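Undergrad: Fold the following, please.
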Amino acid sequence: MASSYVFLVPPDGQREDTRTIRDGFSWLAFLFPWIWLLAHRLWLHAIIAFALQAIGGVLTEEPGFGPAGMALAFGVNLFVGFEGQNFRIRSLASRGWREEAAIGASSIDLAEEIYFSNIETGADFKVPEWNQTSSPQTRPGHSTSLGLFGFDGGRK
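TA: Numbering: from 1, shown residues only. The predicted model follows:
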């Protein structure tokens, strides 16, 4: 199953310090929400998660409010599990980091290989010029494809 990885470049533009964050559900964030948030230096988010879980704990002790307290605590866990990585990305973006790319890959190693292979190395490569001839088979709108859209982007 492929995941999406977001690549963030620091404000100074140094590619060596690029951060890769998997955009998706985090089990550690789900199981330990405010601890996970503290570990990633998301102080305000951690305080809010802790406060909501504390309120949920107090509600479970009150007669008749037990299910509401458990639902609140579980909701916090679920929310941080799904949105925790997005909190990290937004926090870095607010400090000047730039989202450079989002790559779908089966592993972080493959995503980094794809990302870093697309960065210019400074080498001067000459691209060959292809001879384009206009024949009835190559005119825009007359190309063959298996989907609904042709190679030129038009609808069949």
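Undergrad: Would you map the strands across the chain?
TA: Secondary structure of the chain, counting by DSSP state E: strands at 3-9, 19-23, 98-105.
Undergrad: Tell me which other helices or strands the top helix by length along the chain touches.
TA: When the chain is scanned for its longest helix (criterion: DSSP state H), the result is helix 66-94. Under the contact criterion of 3 or more C-beta pairs under 8 Å, 6 or more residues apart in numbering; DSSP states H and E, helix 66-94 touches strand 3-9, strand 19-23, helix 27-31, helix 33-39, helix 43-61. Placement of C-beta: from N, CA and C, glycine included.
Undergrad: re the thing from before, in CSV: the strands of the chain, plus distance to Ala29 and mean neighbour count.
TA: Listed next are those as CSV, based on distance: least, C-beta to C-beta, whole Å; neighbours: other C-beta atoms under 10 Å:
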stretch, distance to Ala29, mean neighbour count
strand 3-9, 15, 18
strand 19-23, 11, 15
strand 98-105, 19, 15
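Undergrad: got those strands as TSV, with mean pLDDT columns?
TA: Below are the strands of the chain laid out as TSV (pLDDT from 0 to 100):
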stretch	mean pLDDT
strand 3-9	90
strand 19-23	91
strand 98-105	89
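Undergrad: how about those strands in JSON lines, adding distance to Leu78?
TA: Below are the strands of the chain laid out as JSON lines (distance: least, C-beta to C-beta, whole Å):
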{"stretch": "strand 3-9", "distance to Leu78": "19"}
{"stretch": "strand 19-23", "distance to Leu78": "17"}
{"stretch": "strand 98-105", "distance to Leu78": "23"}
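Undergrad: Which one, of these, ends up nearest to Ala71?
TA: strand 19-23 (26.6 Å; C-beta to C-beta).
Undergrad: With just CA atoms, put the closest one into CSV.
TA: Provided in CSV are the C-alpha atoms of strand 19-23 (Å, rounded to 0.1, in the frame of the first residue of the first chain):
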residue,chain,number,x,y,z
ARG,A,19,12.6,16.7,6.3
THR,A,20,10.4,13.9,5.1
ILE,A,21,7.1,13.4,6.9
ARG,A,22,4.7,10.6,6.1
ASP,A,23,1.2,12.1,5.5
